[in-house]
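>>> Return a 3D structure for these sequence lines:
(2 chains)
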Amino acid sequence: MSEAEIEKLEIAFEQKITDDVRIEPKDWMPEKYRKTQIRQISQHAHSEIVGMLPEGNWISRAPSLRRKVALLAKVQDEAGHGLYLYSACETLGVTRDDLYEQLHTGKAKYSSIFNYPTVSWADMGAVGWLVDGAAIINQIPLMNTSYGPYARAMVRVCKEESFHQRQGFEIMLKLANGTEEQKEMAQDALNRWWWPSLMMLGPTDAESVHTEQSLRWKLKRKTNDELRQQFIDQTVPQAEVLGLTIPDPDLKWNEERQSYDFGPIDWDEFWQVVKGHGPCNKERISARVGAWERGEWVRDGAMAYAAKKEIKKAV
Amino acid sequence: MKNNWPLWEVFIRSKNGLEHKHCGSLHASDAEMALVNARDVYTRRMEGVSIWVVESKNITATNPDNNGELFEPAQDKVYRHPTFYKLPDELKHM
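Numbers count the residues shown, from 1 in each chain, chains lettered A, B, ... in the order given. Prediction:
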């Protein structure tokens, strides 16, 4: 293709973005758009898959059958969300195996929040309430992202996600209204999950290397700082309903901004976790790689069986 | 890595009377497994009463590069739409 032809395609592409016409898999797109999109969607898919691990840990120890079926359904949804997203990502010309390989070798990132441990049942409440709450805030604008398959996957994900947050909040509510010890458990979980949840919405706009281009291409529709503020403003009144205290002495309503001011975030901790030095990074990846390796004989067996059936059919 | 499960496209009829609609894709070793996986991945909340799966490689699609010659000719054939025809105002229903 000549340079003039590429320029014509680029102009047509930018026009589609301006007009809010979705980009579909076989449409021409700049190589950088494709790469950025693969990175963003695959990170999202990996987060869903790794996100099953901290909760899967508690399924067998849920305190009642009601809690158990709900947690099981939530974890199953996360598997589903990972699969929707992987298949959306594959439409960009990357294979599922490449994507797994990137996750397993640490080349691809996933949400840093899943590198924190879930040490008590109250953590199931805090994760559902805060982590899924932050995820929803991040995901809702993505229903309008410019890449068609991603946007469609996000519509389904968002529809399913709202029960996740409610089941978490319900766990917190029960504990917060329980015995003194249960209330302490809930407060302890909030103390540990609050700051990582704020960090989960990504580095500040000034530090975020991808934000500007991603906004321009409508891959992202809001900046990290906007999403974070929205999350805080939405969550503070929920904590009040629970009667729990958000662990930030600087948290204060700002009448002028009609928003909450909040204290400084420990970004050193965030980057430490992103770079692989969080409390559970190694454990999460080894659990994931282990599951993949232990499943190899099943995958091979299924293919051998399918091939055998084909031969039988031909005879 | 040679033993990869092939990719399947999934189509779901949400209720009788409506058509099957594409909803996504998944990997499975054969058609039977593709149906079972599609049921778990795409119909966890009563989204469907019927599922079709088609191996992705069997789908032939138009190329968006040819959209001009394929779809634009319909744009200037306004006489294919009822609004093209002028009718007297006193005519109440047609």
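>>> if I look at B:Arg80, how far off is B:Leu87?
B:Arg80 is 17 Å from B:Leu87, where distance means Cβ to Cβ, to the nearest Å. (Each C-beta comes from the backbone N, C-alpha and C, glycine too.)
>>> wait, I meant A:Pro63
Taking Cβ to Cβ, one finds A:Pro63 at 71 Å from B:Leu87.
>>> Which residue of these two possesses the greater neighbour count?
Legend: neighbour count by other Cβ atoms under 10 Å in any protein chain shown for A:Pro63 and B:Leu87, higher for A:Pro63 (13 against 8).
>>> Distance check, the residue nearest to the more buried one when sequence neighbours are not counted against A:Arg166.
Leaving out its chain neighbours, the residue that sits closest to A:Pro63 by Cβ to Cβ, 6 or more residues apart in numbering or on different chains is A:Trp121, at 6.2 Å. When distance is defined by Cβ to Cβ, A:Trp121 is 17 Å away from A:Arg166.
>>> cool, A:Asp250 as well?
29 Å.
>>> And those two? Which one has more around it.
A:Arg166 (15 against 9).
>>> in which helix or strand would I find the more buried one?
helix A:148-176 (DSSP states H and E).
>>> which parts of that helix are buried?
For helix A:148-176, the neighbour count (16 or more other Cβ atoms under 10 Å in any protein chain shown) marks A:148-154, A:156-158, A:160-161, A:163-165, A:167-176 as buried.
>>> which helices and strands sit right next to it?
If contacts are counted by 3 or more Cβ pairs under 8 Å, 6 or more residues apart in numbering or on different chains; DSSP states H and E, helix A:148-176 sits against helix A:31-59, helix A:65-90, helix A:122-126, helix A:132-139, helix A:180-200, helix A:224-242.
>>> quick one, which of those is nearest to chain B?
helix A:65-90 (4.3 Å; Cβ to the nearest Cβ).
>>> buried sites along that closest one?
Going by 16+ other Cβ under 10 Å, helix A:65-90 has these buried residues: A:67, A:70-71, A:73-75, A:77-78, A:80-90.
>>> which of those residues are close to chain B?
A:Ala73, A:Asp77, A:Gly80, A:Leu83, A:Tyr84, A:Ser87, A:Ala88, A:Glu90 (Cβ under 8 Å from any Cβ of the partner chain).
>>> what's the spacing between A:Arg61 and A:Glu170?
17 Å.
>>> so how many other residues sit close to B:Ile59?
9.
>>> just the one 4 residues further on next, same as before
Taking other Cβ under 10 Å as the criterion, the count of residues near B:Asn63 is 8.
>>> near chain B, which residues of the stretch 201-315 of chain A show up?
A:Arg299, A:Asp300, A:Ala302, A:Met303, A:Tyr305, A:Ala306, A:Lys309.
>>> Let's see that with 10 Å instead.
Neighbours of chain B within the stretch 201-315 of chain A, by Cβ under 10 Å from any Cβ of the partner chain: A:296, A:298-307, A:309-310.
>>> Provide a list of residues in contact with the residue nearest to A:Gln229 when sequence neighbours are not counted.
Distance criterion Cβ to Cβ, 6+ apart; nearest residue to A:Gln229, sequence neighbours excluded, is A:Ser259 at 5.7 Å. A:Ser259 is in contact with A:Gln229, A:Gln230, A:Ile232, A:Asp233, A:Val236, A:Trp253, counting by Cβ atoms under 10 Å, 6 or more residues apart in numbering or on different chains.
>>> One more: A:Ile59?
Contacts of A:Ile59 by Cβ under 10 Å, 6+ apart are A:Met52, A:Arg67, A:Lys68, A:Val69, A:Leu71, A:Leu72, A:Lys74, A:Val75, A:Met124.
>>> can we see that at 8 Å?
By Cβ atoms under 8 Å, 6 or more residues apart in numbering or on different chains, A:Ile59 lies in contact with A:Lys68, A:Leu71, A:Leu72, A:Val75.
>>> show me where pLDDT drops low in chain B?
Scanning chain B with the threshold set as pLDDT under 70 gives B:1-3.
>>> how many degrees apart are the longest helix anywhere in it and helix A:148-176 in direction?
The longest helix of chain B (DSSP state H) is helix B:31-42. Here the directions of helix B:31-42 and helix A:148-176 differ by 60 degrees (axes from the mean of the first three to the mean of the last three Cα atoms, to 10 degrees).
>>> Looking at per-residue confidence, what score does A:Arg221 get?
Per-residue pLDDT puts A:Arg221 at 84.
>>> Now do it against A:Gln139, distance only.
Here the distance between A:Arg221 and A:Gln139 works out to 11 Å (Cβ to Cβ).
>>> Those two: which is more packed in?
Higher neighbour count among A:Arg221 and A:Gln139: A:Gln139, with 19 against 16, using other Cβ under 10 Å.
>>> Quick one: low-confidence residue ranges for the stretch 151-300 of chain A.
Using pLDDT under 70, nothing in the stretch 151-300 of chain A is flagged.
>>> Checking the closest residue to chain B within the stretch 151-300 of chain A next. Helix, strand or coil?
Residue of the stretch 151-300 of chain A nearest chain B, by Cβ to the nearest Cβ: A:Asp300 (5.2 Å). Put simply, A:Asp300 is helix when judged by DSSP: H, G, I helix; E, B strand; the rest coil.
>>> Now do the buried residues in stretch A:137-144.
Buried-residue list, stretch A:137-144, by 16+ other Cβ under 10 Å: A:Ile137, A:Asn138, A:Gln139, A:Ile140, A:Pro141, A:Leu142, A:Met143.
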